[in-house]
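Enquirer: Just to be clear, the model below is a prediction. Sequence and coordinates:
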Amino acid sequence: MTRYSAFSLLREGLRSHRGWRPAWRKARPKPAYDAIIIGGGGHGLATAYYLAKNHGMSRVAVLERGWIGGGNTGRNTTAVRSNYFYPESVALYDLALRLYEGLSQELNYNVMLSQRGMLIAAHTPAQMEICARIANAMRLNGVDGELMGAEEALRRIPLLNQTADARYKCMGGIWQGRAGVARHDAVAWGYARGASDRGVDIIENCAVERLLIEGGRITGVETSLGTIRADRVGVAAAGATPGIVAEAGVRLPIHTYALQAFVSEPVKPCLDTVLLYLGTGTYVSQSDKGEMVFGGGLDRVPTHAQKGNLPAQEVVISGLLEMFPAFGQLKLLRQWAGVVDVVPDSSPVIGPVGPEGLFINCGWGTGGFKAIPAGGWLLAHLMAKGQHHEISRPFDLDRFARGRLIDEAAGAGISH
Amino acid sequence: MQIFTCPFCGPREETEFHFAAEAGKHRPEPAEEVSDADWADYLYLNDAPKGAAREVWVHATCGEFFVMTRDTVTREITDVTALPGRDG
Ligand SMILES: Cc1cc2nc3c(=O)[nH]c(=O)nc-3n(C[C@H](O)[C@H](O)[C@H](O)COP(=O)(O)OP(=O)(O)OC[C@H]3O[C@@H](n4cnc5c(N)ncnc54)[C@H](O)[C@@H]3O)c2cc1C
Ligand SMILES: [Zn+2]
């Protein structure tokens, strides 16, 4: 594998960029592996990387029915943060954020993490009190969070709607300075490159059609490219996970919805933080190219189609214009949707399910991009050791029967 | 904007409706004999089918619940039926 560096960039620049090699091998399936991962999104690819890196397992395949990162990972609005409420969630999302902070170095691949900070803006004294409570909880849980006043918020985001007839005036809110954005494709590609370099086979255009189960054990998968054997299988297929594990008699607390996002034409830099308005539910950041990247709530009709519908678009766009009247002049470049796997307590489901050797990592819903390094780390731990890491334990499917839900509707119900 | 048909009010915009649950779930009884696992199953577990689906929806405008048969990929709606005992 060629190491990327300022020097390699210069060298290639001098020879018209003709020397770049593909970042990962296009593999064909072998008959058997020690472990198979279904789904080549961020979580699946990170799992493969950490299986190889942390646990020395390299006879591993990632099976992706389309192209890697073509699911929600490549469709998300890339906000990363760990401003959650419960200790269990903070442990999980802050593990992810800490790993993100070293990821470009670790992978030798620029994931363009930009910790530009994030404001969750409140509009009423009651909302400010809730924000104070969450900020305090964050600090008790050991992550950076502070209550920001209106003046400081407006200093940072001067374009905010301050007109007399603003429906939702910004009173301030929760600020997390370590939050920000990262490049979604780079996260998928960087993990793919790192995994491939350690011997993992990344197999695209390979749809898993059936799990193979014999005597209560998983023994492999039936795919569009034939049978592949393994006695450990991890499923990280987002909204497709319920359909895959149904075979094994497993039902999940998941409904699938379309979540949409939008990108405007590029303009000069005018917004250098991530902003979420509690009043409108719309959130926005400006990409390095200058586009406004924004989104909001779910389409409310359960679906498996990767396309959004007009009512949700209207809510999100009108929300943006309430926040920034000046953006009314912008043209939209693109709009798209992903199928997200939503769990009633807005927390993921990670753990063993059904037959021995089968593990899942799903239910990230509207907010799992920020969790990719942790999701991969934890699923790899489960698959290698056969048991939970202490951070994933609370997120086991058994929490529903035990009544130990981790209800992050406040922290995670917002769509990113 | 998709148009859904309420069995009571006729065709209306999708924003007037709420998804309630997958159809065919029966509350386990008697309560004192229901295991934690069965109760969790009833409360939380779904099939999230890709393709043909039967679901309970409520038309928020009139407040009636009904069963809608539709496709979760193509969005085609093939049937709406009032719940037993309520036939429009
Ligand atoms: C519009 C939008 C905005 C979002 N914004 C944010 C945000 O700002 N911040 C944030 O943290 N999160 C955000 N999210 C959520 C985030 O994108 C997801 O939670 C995360 O990417 C999930 O990653 P994953 O690897 O689990 O799933 P995916 O990236 O969806 O990967 C699953 C993969 O499994 C493959 N697959 C499915 N079935 C099969 C099969 N049978 N065989 C083989 N492969 C299969 C799919 O093709 C897919 O590539 C957003 C999501 C959307 C849709
Ligand atoms: Zn009606």
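Expert: It's in. Ligands and ions are numbered 1, 2, ... in the order given.
Enquirer: and residue B:24, what are its phi and psi?
Expert: phi 90, psi 0 (degrees, to the nearest 10).
Enquirer: Quick check: closest non-adjacent residue to it.
Expert: Spatial nearest neighbour of residue B:24, chain neighbours left out: residue B:54 (6.6 Å); criterion: CB to CB, 6 or more residues apart in numbering or on different chains. Yep, even glycine has a C-beta here, placed from its N, CA and C like the rest.
Enquirer: was I right about residue A:366 contacting residue A:299?
Expert: No: taking contacts as CB atoms under 8 Å, residue A:366 lies outside contact range of residue A:299: 11.3 Å.
Enquirer: Show me what from chain B comes close to ligand 2.
Expert: Neighbours of ligand 2 within chain B, by CB under 5 Å from the ion: B:6, B:8, B:9, B:59, B:62.
Enquirer: Just the buried residues out of these, in ChimeraX syntax.
Expert: Selection command for ChimeraX covering only the buried members of those, criterion 16 or more other CB atoms under 10 Å in any protein chain shown:
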select /B:6,8,59
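Enquirer: now, which of the residues of chain B next to ligand 2 lie within strands?
Expert: B:6, B:59 (DSSP state E).
Enquirer: Please state the backbone phi and psi of residue A:380?
Expert: phi -60, psi -40.
Enquirer: Count the neighbours of it for me.
Expert: 28 (other CB atoms under 10 Å in any protein chain shown).
Enquirer: Repeat that for residue B:60.
Expert: 13.
Enquirer: and what of residue A:300?
Expert: Residue A:300: 16 neighbours (other CB under 10 Å).
Enquirer: That one: what secondary structure?
Expert: Under DSSP: H, G, I helix; E, B strand; the rest coil, residue A:300 falls in the coil class.
Enquirer: do the same with residue A:341
Expert: strand.
Enquirer: do the one 5 residues further on as well
Expert: Following three-state DSSP, we place residue A:346 in the coil state.
Enquirer: same thing with residue A:318?
Expert: Strictly by three-state DSSP, residue A:318 counts as helix.
Enquirer: Quick check: closest non-adjacent residue to it.
Expert: residue A:280 (7.7 Å).
Enquirer: need the contact list for the most centrally placed residue in chain A.
Expert: Centroid-nearest residue in chain A, with CA atoms, centre = their mean: residue A:369, separated by 1.2 Å. Applying CB atoms under 8 Å, 6 or more residues apart in numbering or on different chains to residue A:369 gives the contacts A:42, A:72, A:73, A:76, A:78, A:79, A:80, A:182, A:184, A:187, A:416.
Enquirer: Could you tell me which residues touch both of residue A:366 and residue A:299?
Expert: In contact with both residue A:366 and residue A:299: residue A:259, using CB under 8 Å, 6+ apart.
Enquirer: Remind me which helix or strand the spatially most central residue of chain B belongs to.
Expert: Taking CA atoms, centre = their mean as the criterion, residue B:56 is the residue nearest the geometric centre of chain B, at 1.0 Å. For residue B:56, the host element (DSSP states H and E) is strand B:52-59.
Enquirer: Around residue A:92, count how many other residues there are.
Expert: 26.
Enquirer: That one: helix or strand, and which one exactly?
Expert: helix A:87-101.
Enquirer: Going by neighbour count, list what's buried in that helix.
Expert: Going by 16+ other CB under 10 Å, helix A:87-101 has these buried residues: A:88, A:89, A:90, A:91, A:92, A:93, A:94, A:95, A:96, A:97, A:99, A:100.
Enquirer: now stretch A:100-110
Expert: A:100, A:103, A:104, A:106, A:107, A:109.
Enquirer: Kindly report the same for stretch A:339-359.
Expert: A:339-355, A:357-359.
Enquirer: near ligand 1, which of these show up?
Expert: Applying CB under 6 Å from any ligand atom to the buried residues of stretch A:339-359, one finds that residue A:340 fall near ligand 1.
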